[in-house]
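Undergrad: The sequence isn't on hand, but the structure is:
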């Protein structure tokens, strides 16, 4: 088992492991117990009451966080002609409209955070699945990253602003960033409220019983803080 340093152990002392904290309290604690020398990411980990082995119990969607994620997001767009022009105007970092860029990706280059595609490019993009799939970069209609060219400006804008995709893993958990430790408590609260609302709306009809079973807030390398699941589900973004 890894030995933790003094800072981490001191941070753990501040947390009552038996308590389910109110969201605001949990956020304040997360900021207070961050132990890194850099601006750590604040993440939320949610255990869902679904069985991901069943297709009708998958949970996958996106949320646009009002205060962003505190990092610059590199967006690549697979488009051609008018779509490529729209993507460039919207601020896409890379527009893959030539064989050279497609070949570069095929050879393993993935120096971008989000990939968006127009439907007419999916034939070519599909061949890059071996590279994009494992890195979670494959454009997908369900995640809103395969869109008609007229929607490219909106999706590129959202991606750069703070659009996060969440997807249940094999153990029925979601792991989603909601910002940085340097964010104000209010900004983290708003981001968390918007994310929780999106997760609530993504409940599959086939899910039985309690949908959100456990909510934990953490910072990079910081201790976990349990959040009251019912209160997390009833959070509302501040006006």
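TA: Looks like it arrived, so ask away. Here the structure is a predicted model, which is why all the values come from computation and not from measurement. Numbers count the residues shown, from 1 in each chain.
Undergrad: In which helix or strand does residue 160 reside?
TA: Using DSSP states H and E, residue 160 sits in helix 152-161.
Undergrad: and that helix, average pLDDT?
TA: Mean pLDDT, helix 152-161: 90.
Undergrad: Show me the residue sitting in the middle of the protein in space.
TA: Residue closest to the average C-alpha location in the chain (Cα atoms, centre = their mean): residue 164, at 3.4 Å.
Undergrad: which residues touch it?
TA: Residues near residue 164 by Cβ atoms under 8 Å, 6 or more residues apart in numbering: 62, 63, 64, 65, 69, 176, 177, 178, 195. The way it works is simple: take the backbone N, C-alpha and C, and place the C-beta from them, glycine included.
Undergrad: and the second one, helix, strand or coil?
TA: Put simply, residue 63 is strand when judged by DSSP: H, G, I helix; E, B strand; the rest coil.
Undergrad: Please give me every residue in contact with it.
TA: Contacts for residue 63 (Cβ under 8 Å, 6+ apart) come out as 163, 164, 166, 176, 194, 195, 197, 198, 199.
Undergrad: 6 Å - rerun?
TA: Going by Cβ atoms under 6 Å, 6 or more residues apart in numbering, residue 63 touches 164, 194, 195, 198.
Undergrad: Kindly provide the distance from it to residue 110.
TA: 23 Å (Cβ to Cβ, to the nearest Å).
Undergrad: One more: the fourth one?
TA: As for residue 65, its distance to residue 110 is 23 Å (criterion: Cβ to Cβ).
Undergrad: can you pick the most crowded of the contacts of residue 164?
TA: Neighbour counts for the contacts of residue 164 peak at residue 178, which has 29 neighbours (criterion: other Cβ atoms under 10 Å).
Undergrad: any idea whether it is helix, strand or coil?
TA: Applying three-state DSSP: residue 178 is strand.
Undergrad: Show the residue spans covered by the strands in this protein.
TA: Ranges of strands in the chain, per DSSP state E, are 41-48, 60-64, 75-78, 94-95, 114-117, 163-167, 173-180, 212-219, 225-227.
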